[in-house]
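# Predicted model follows, preceded by the sequence.
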Amino acid sequence: MKLPERSLLNRPEIRKAAYFLLKKVNKAIREHKLIEEGDRIAVAVSGGKDSLALLHLLHWRRFFAPEHYEIIAINVQNDYGFGVPKEVLEGIFQREGIPYVFEHISLKEGAKPDEEPLNCFWCSWNRRKALFLTAYRLGYPKVAFAHHADDVAATFLLNLFFHGRPQGLKPKVSLFGGLITIIRPLFYVEEKEIISFAQKAGLMVEQNRCPRAAETKRARMNELMRALGKEIPSLKANLLKASERGKDEEVGP
């Protein structure tokens, strides 16, 4: 492979920042066998800082990683217009020479009248369904999500408080009888580290956010973690360990 001339990795400061994050990414890959020789990986790209950071890190990693693997970026567009415009994402994908595909879904079609115009579960379920079907159709049985350490910890609290189950996000989960495997290479990376990298790399892309994004149960768990973290410095690390030991996740909005 040859690095495109316009690639961000050609900039020394970006290369240094990427190297710092890749140490934690490689730890997750090594400890949980997330990527193996010959893998074909679909990266779920919403257009937010987390997914764009993951996409770039997995792409750049291929230039020096011991495993040879392929990636493709999959972005699910919706009829509400939430997210990053296609033309913006296309420019990013083409700059780095990353294969990509856009899949469009209708969130309005099939929604219950009393739940219009927005329903978090309906939106999440349909986006994941479209992502998995697209990855399977294209022959990419591994799907990489950009959930980071903060997401893992928040999900553990969410499932504990709202479902009574001590379950968190796992680094690797097999679904549908092994047809699809979810991997989370950012499992050990904290959100503040991703923000720092994304700011340096110009990956804080403006997007049309869902107006309910700050009202979800997950958002409430993030607020709780920030408050408790001031008194319990090891809170996030402890929740991360609990997630690794627990059962497979049940993800709520």
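That came through fine. Numbers count the residues shown, from 1 in each chain.
# Please report phi then psi for Glu67.
The phi/psi pair for Glu67 (degrees, to the nearest 10) reads phi -90, psi 140.
# ok, it to Val189 distance?
19 Å (C-beta to C-beta, to the nearest Å). Where C-beta positions appear, they are placed from N, C-alpha and C, glycine not excepted.
# got a list of what Leu228 touches?
Leu235 (C-beta atoms under 8 Å, 6 or more residues apart in numbering).
# should've said Glu67
Applying C-beta under 8 Å, 6+ apart, the residues contacting Glu67 are 35-39.
# so how far is Phe156 from it?
In terms of C-beta to C-beta, Glu67 sits 29 Å off from Phe156.
# what's next to the helix or strand encompassing Leu89, contact-wise?
Using DSSP states H and E, Leu89 sits in helix 86-96. For helix 86-96, the surrounding residues in contact (C-beta under 8 Å, 6+ apart) are 4, 6-8, 45, 47, 52, 56, 59, 73, 75, 77, 99-100, 102, 203, 205.
# Next, the buried residues of that helix.
Buried positions in helix 86-96, judged by neighbour count with 16 or more other C-beta atoms under 10 Å: 89, 92-93, 96.
# Isn't Ala146 up against Leu186?
Yes - here Ala146 reaches Leu186: they are 5.7 Å apart, a contact under C-beta atoms under 8 Å.
# for whichever helix or strand Leu52 is part of, packing partners?
Following DSSP H and E, one finds Leu52 within helix 49-61. Applying 3 or more C-beta pairs under 8 Å, 6 or more residues apart in numbering; DSSP states H and E, one finds that helix 49-61 contacts helix 12-32, strand 40-44, strand 70-78, helix 86-96, helix 191-201.
# re the thing from before, give me the angle between the helix holding Leu89 and strand 70-78.
Orientation check (axes from the mean of the first three to the mean of the last three C-alpha atoms, to 10 degrees): helix 86-96 against strand 70-78 gives 170 degrees.
# Just the buried ones out of the contacts of Glu67, please.
Buried residues within the contacts of Glu67, counting neighbours by 16+ other C-beta under 10 Å: 35, 39.
# which among the contacts of Glu67 gets closest to Glu13?
Ile35 (26.3 Å; C-beta to C-beta).
# For the stretch 51-200 of the chain, give me the ranges with low pLDDT.
For the stretch 51-200 of the chain, the stretches with pLDDT under 70 are 110-119.
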